[in-house]
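A.B. asks: Give me the fold of what follows.
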Amino acid sequence: MTFVERLEDRLLSNPRADRVKDVAALTRRSMRSKRGSFRAEGPQNVREAVRLALAESPAPGLPRLDAVHVTLQELDRHPGIAADLAALTERGDVFVRAVTAEVLAAMTDAVTPQGMLAVCRFPSSASDASDDAARALGAARLVGVLVRVQDPGNAGTVIRTADAAGADAVLCTPGTVDPFNPKSVRSSAGSLFHVPVFTGVELADVVAAAREHGIGVLAADGYASVTVSELADAAVLRAAGTPAEDVAYPLEQPTAWLFGNEAQGLSEAEVEAADLSVAVPLYGAAESLNVATAATVCLYASAQAQRRIADR
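C.D. replies: Now for the predicted structure:
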């Protein structure tokens, strides 16, 4: 019997089954915390979760796959995922179950379910959040820090951007939306399985760990007098061997960027905790930038500056 035939033989078709209710309950943060698990929906998230589960030596600080629920129609559309799931079931350490579209819809809060979802365990965490900060910043070159960011879509997008920019970790301070919220996970588009994400980390611990490991702390602040463009231009000059005078901060150095709340930004105390506050320049009539957009500009400015130096 083939892998697909085995799935067909055990098709879950009852949307009121206990397993369906258990997966649906992960919409609530309290239930995610209680079970130490979260839901990752859609082919991109499932593909990356499965690839991570198949990796011989997965990186520390990343989630672990427990189960995959998928419709047979969606599995047929993604033969690569089907092949990887077959390999996982041979190992026997991940539960894979075929479900009807009605069952999958009952498992998720998405308006349009994407045909498959994974249930994953939270990354193993240090016993103390301050230890998480030290662990994340120990050998880091680039880190994003979400400070009281409230929108799940923004949180997920910053994680995706940090992944694309080659960042080493994303840290979330208390008051930040849960990055394992289903909407955040969907917005991260699989990046939660590439870059370690730590939650509940106090900003004071982030700053202390950064200072201990020689990492600069930059605050993204729309009112700052120094712009990220000025720092990026100076980094280009240095990479070309031309000294840049009066440089506020060498952008090619290891850096932790602070990104604040959508409505209020960073508080005065949070800005003062950083080594320097930096603005993204606005050339048009917009009053401000979305936090995820600002994070993209800042993280990529650092990533590009660091790579110019590494490639010399």
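A.B. asks: So for the spatially closest residue to Arg47 that is not a sequence neighbour, what pLDDT did the model give?
C.D. replies: Of all residues beyond its chain neighbours, the one nearest Arg47 is Ile81 (5.4 Å), with distances taken as Cβ to Cβ, 6 or more residues apart in numbering. No exception for glycine: its C-beta is placed from N, CA and C like everyone else's. Ile81 carries a pLDDT value of 96.
A.B. asks: can I assume Ile81 is in contact with Leu75?
C.D. replies: Yes: counting by Cβ atoms under 8 Å, Leu75 is a contact partner of Ile81 at 7.1 Å.
A.B. asks: Now do the shared contacts for the two.
C.D. replies: Shared contacts of Ile81 and Leu75, defined by Cβ atoms under 8 Å, 6 or more residues apart in numbering, comprise Met116.
A.B. asks: just to revisit the earlier point, name the SS class of the residue nearest to Arg47, please.
C.D. replies: helix (DSSP: H, G, I helix; E, B strand; the rest coil).
A.B. asks: For burial, what's the neighbour tally of it?
C.D. replies: When neighbours are counted by other Cβ atoms under 10 Å, Ile81 registers 20.
A.B. asks: so how far is Arg186 from it?
C.D. replies: Note on Ile81: its distance to Arg186, by Cβ to Cβ, to the nearest Å, is 17 Å.
A.B. asks: Ok, Leu117 next?
C.D. replies: For Leu117, the distance to Arg186 - Cβ to Cβ - is 10 Å.
A.B. asks: out of those two, which sits in the more crowded spot?
C.D. replies: Using other Cβ under 10 Å, the more surrounded residue of Leu117 and Arg186 is Leu117, with 28 against 21.
A.B. asks: how about the helices of the stretch 101-250 of the chain, start to end?
C.D. replies: Using DSSP state H, counting those that start in this stretch, the helices of the stretch 101-250 of the chain run over 101-107, 129-137, 152-164, 182-188, 203-212, 228-239.
A.B. asks: Go through the ones you listed and name the closest to Ala49.
C.D. replies: Minimum separation from Ala49 across the helices of the stretch 101-250 of the chain (Cβ to Cβ) falls at helix 182-188, 10.1 Å.
A.B. asks: I'd like to know which elements the closest one is packed against.
C.D. replies: strand 37-41, helix 43-54, helix 152-164 (3 or more Cβ pairs under 8 Å, 6 or more residues apart in numbering; DSSP states H and E).
A.B. asks: what bits of the stretch 1-150 of the chain have low per-residue confidence?
C.D. replies: Applying pLDDT under 70 to the stretch 1-150 of the chain flags residues 125-130.
A.B. asks: Tell me how many other residues crowd Asp132.
C.D. replies: Asp132 has 25 neighbours, counted by other Cβ under 10 Å.
A.B. asks: now it: how far from Thr199?
C.D. replies: In terms of Cβ to Cβ, Asp132 sits 8 Å off from Thr199.
A.B. asks: next one: Val280
C.D. replies: Counting by Cβ to Cβ, the gap from Val280 to Thr199 is 26 Å.
A.B. asks: do Ala240 as well
C.D. replies: In terms of Cβ to Cβ, Ala240 sits 40 Å off from Thr199.
A.B. asks: Comparing the two, which residue is more hemmed in?
C.D. replies: More crowded of Ala240 and Thr199, by other Cβ under 10 Å: Thr199, with 20 against 10.
A.B. asks: List the contacts of the residue nearest to the more buried one when sequence neighbours are not counted.
C.D. replies: Excluding the flanking residues, the one nearest Thr199 by Cβ to Cβ, 6+ apart is Cys172, at 4.6 Å. Neighbour list for Cys172: 145-146, 149, 155, 179, 197-201 [criterion: Cβ under 8 Å, 6+ apart].
A.B. asks: So Glu90 belongs to a strand, correct?
C.D. replies: No: assigned with three-state DSSP, Glu90 falls outside any strand and is helix.
A.B. asks: Tally up the residues packed near it, please.
C.D. replies: 9.
A.B. asks: separation between it and Ala118?
C.D. replies: According to Cβ to Cβ, Glu90 and Ala118 sit 18 Å apart.
A.B. asks: same deal with Asn181?
C.D. replies: Taking Cβ to Cβ, one finds Asn181 at 15 Å from Ala118.
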